[in-house]
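J.: Need the 3D shape of this:
(one chain, ligands or ions: 1)
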Amino acid sequence: MRCSPLVATVLSLPSLIGCDKPLTPTPTSGPSQGPAGAVTLLQGSALETSVVLDPVGDVPFGAAPFQDIVRSEISKEGGTYVLRMHVAAPIPEHPPLAPTAASGIVWFWVFNLDTTTGPPGYPFVPGLAEPGKFSPGLATPGEFFVQVSWDGTAFTARAVDRRPLFSGQEDIVTPVTFSIDGEVVEAVFPAALMGDPASFGWGTRTADRSGPPGSPSGHRIDVGGASFNPWPPVQ
Ligand SMILES: [Ca+2]
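T.: Here you go, the predicted model:
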């Protein structure tokens, strides 16, 4: 991978925290309830929002409730995407790492920019297709993703553009602004970082990581509703 010096444009939201700053999660109200998998559109002044709900308690491996996705959301305001994920319990300031998460925990949003292709390689091992574990075809055909990670010491967040992998180049990693507030994980990135496509599929995942990215050691914990949901949101 190679890192981009570009840092995400930040909306003027008081809850946002720079990606290199310590986090102090605080409780918030519970997530909105509704039928699992529903996609709704909330449209106001220059704001588009897509919301997808997911059941509580559908995580394997005895995973913690703070890895259980219950609501996923993306909004676009101007040239900026705001990503939110509600989980079933507040995320601790120092989340404990289960054996399947010896190297960390990840909350992420995946973007499928081209439904006919999927880049091979990072962060997945080409050819790995073991059920329940990551594989190029199973877990993430998306060309772009944003993830908030806990490695046992610190939280970080980054956007990963996997499109260069199509031509044998390295993926592009860019730090992004994020926050954790109780049950809500939020990340912000400029649409230009993804090429600002008019339409795409998006979805959320949580995962355990027991080895470094690219090793056959990831376990998917939860998928927020359908693997991919339409953007722009359906009306
Ligand atoms: Ca869930």
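
J.: Now do the contacts for A192.
T.: The contact partners of A192, by C-beta atoms under 8 Å, 6 or more residues apart in numbering, come to G79. C-beta: built from backbone N, CA, C; applies to glycine.

J.: Where does it sit: helix, strand or coil?
T.: Secondary structure assignment for A192 (DSSP: H, G, I helix; E, B strand; the rest coil): helix.

J.: any idea how far it is from the ion?
T.: 32 Å (C-beta to the ion, to the nearest Å).

J.: Same question for P197.
T.: Taken as C-beta to the ion, the span from P197 to the ion is 27 Å.

J.: Same check on F66?
T.: Taken as C-beta to the ion, the span from F66 to the ion is 11 Å.

J.: and what of F228?
T.: Separation of F228 from the ion (C-beta to the ion) stands at 16 Å.

J.: Per-residue pLDDT of that residue, please?
T.: Note on F228: pLDDT of 89.

J.: right, quick check: the helix or strand where W107 lies against the ion, any contact?
T.: According to DSSP states H and E, W107 maps onto strand 104-112. No - residues of strand 104-112 are not located near the ion by C-beta under 5 Å from the ion, the shortest gap being 12.1 Å.

J.: Now do the buried residues in stretch 50-62.
T.: 50-54, 56, 59 (16 or more other C-beta atoms under 10 Å).

J.: That one close to the ion?
T.: Yes - counting by C-beta under 5 Å from the ion, the ion has neighbours in stretch 50-62: 54, 58.

J.: What is the end-to-end distance of that stretch?
T.: Taking C-alpha to C-alpha, to the nearest Å, stretch 50-62 runs 29 Å from one end to the other.

J.: can you check stretch 180-193 too?
T.: Start-to-end, stretch 180-193 (C-alpha to C-alpha) is 22 Å.
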